[in-house]
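Chemist: Provided below for reference: sequence and predicted model.
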Amino acid sequence: MSTNKYVTYSFPILLSVMIFISNFLETSIFSVGENNFAVWFVISFLAFGFGWLMSKYFEWNIGINVILSLTVATTILTILVVSFFKEYFSSSEFLVENIFLYSLRNIILGATGYFGMAVAEIYKIKKEYEIIKEKLQVYQETIGSSKKEAEILLREAQAKALQIITEAESSAKNMILKKERIERELREFIQIEKELIKKYEE
């Protein structure tokens, strides 16, 4: 197994180990007090951090399934431990209530890890959105400049076409004038020839 795989699977394992170890803390998530809040804030922050780090190594669907599976497995293990060692885990007089409270601890910490992964995914999507937005803006600017270039080229082509048409019309008029002049001169020449022939016959 490569180093990257060790790193990839270390975060889910650490998350599940931390969730399970939190069962052995005397501090209860339902108790009020500065110390209790500090302990659970640190644990929740770590769970959030592990979820955030998992988003870098797991795809969204796979990461969520991993967190869900670890939470369920840790909760089942917690239920077994609380059931067998109920003297140690005695937050309440009733076993069912103890199981419920400790299971709820695990579910809350698993949900915090899920929340960390969700926030990281939203942040990642936001960054991708910003990159796509910038690319789209560049693309639109490129299209705008290309459109302007195309309009300029079209105008130049129209001007050249108009110039060519004007020159062709002028050349055609000159050809017609030359033709008419040659025809006129030819008729005059023929007329002169006829008169000369007539005089010669006389």
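Modeler: Yep, it's here.
Chemist: Only C-alpha atoms from now on, for both contacts and neighbour counts.
Modeler: OK.
Chemist: Name the residue closest to the centre of the protein, please.
Modeler: In the chain, the C-alpha nearest the mean C-alpha coordinate belongs to Glu128, at 4.1 Å (CA atoms, centre = their mean).
Chemist: mind checking which helix or strand that one is in?
Modeler: If you go by DSSP states H and E, Glu128 is part of helix 95-201.
Chemist: Rounded mean pLDDT for that helix, please.
Modeler: Mean pLDDT, computed over helix 95-201, is 82.
Chemist: Show me what that helix is packed against.
Modeler: Secondary-structure packing of helix 95-201 (3 or more CA pairs under 8 Å, 6 or more residues apart in numbering; DSSP states H and E): helix 3-21, helix 34-57, helix 60-84.
Chemist: looking at these, which is closest to Glu97?
Modeler: Go through those one by one with CA to CA and the one that ends up closest to Glu97 is helix 60-84, at 10.6 Å.
Chemist: what packs against the closest one?
Modeler: Helix 60-84 sits against helix 3-21, helix 95-201, with contacts defined as 3+ CA pairs under 8 Å, 6+ apart.
Chemist: of all these, which gets the most neighbours per residue?
Modeler: helix 3-21 (a mean of 16; mean count of other CA atoms under 10 Å).
Chemist: angle of the helix holding Glu128 against helix 60-84?
Modeler: Counting by axes from the mean of the first three to the mean of the last three CA atoms, to 10 degrees, helix 95-201 lies at 180 degrees to helix 60-84.
Chemist: so who does Ile165 touch?
Modeler: Counting by CA atoms under 8 Å, 6 or more residues apart in numbering, Ile165 makes contact with nothing.
Chemist: Turn the helices and strands packed on helix 95-201 into CSV, columns for distance to Ile108.
Modeler: Shown next, in CSV, are the helices and strands packed on helix 95-201 (distance: least, CA to CA, whole Å):
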stretch, distance to Ile108
helix 3-21, 9
helix 34-57, 9
helix 60-84, 9
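Chemist: Could you dump the ones you listed into a markdown table with mean pLDDT and distance to Ile132 added?
Modeler: What follows is the helices and strands packed on helix 95-201, written out as a markdown table (pLDDT from 0 to 100; distance: least, CA to CA, whole Å):
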| stretch | mean pLDDT | distance to Ile132 |
| --- | --- | --- |
| helix 3-21 | 71 | 28 |
| helix 34-57 | 78 | 20 |
| helix 60-84 | 83 | 20 |
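Chemist: closest one to Lys173 among these?
Modeler: With distances scored as CA to CA, the stretch of these nearest to Lys173 is helix 60-84 (77.8 Å).
Chemist: I'd like the helices and strands packed on helix 60-84 written out as TSV, with distance to Leu46 added.
Modeler: Formatted as TSV, the helices and strands packed on helix 60-84 follow (distance: least, CA to CA, whole Å):
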stretch	distance to Leu46
helix 3-21	8
helix 95-201	8
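Chemist: where's the residue nearest to the centre of the chain relative to Lys160, distance?
Modeler: Counting by CA to CA, to the nearest Å, the gap between Glu128 and Lys160 amounts to 47 Å.
Chemist: Brilliant, that's me finished.
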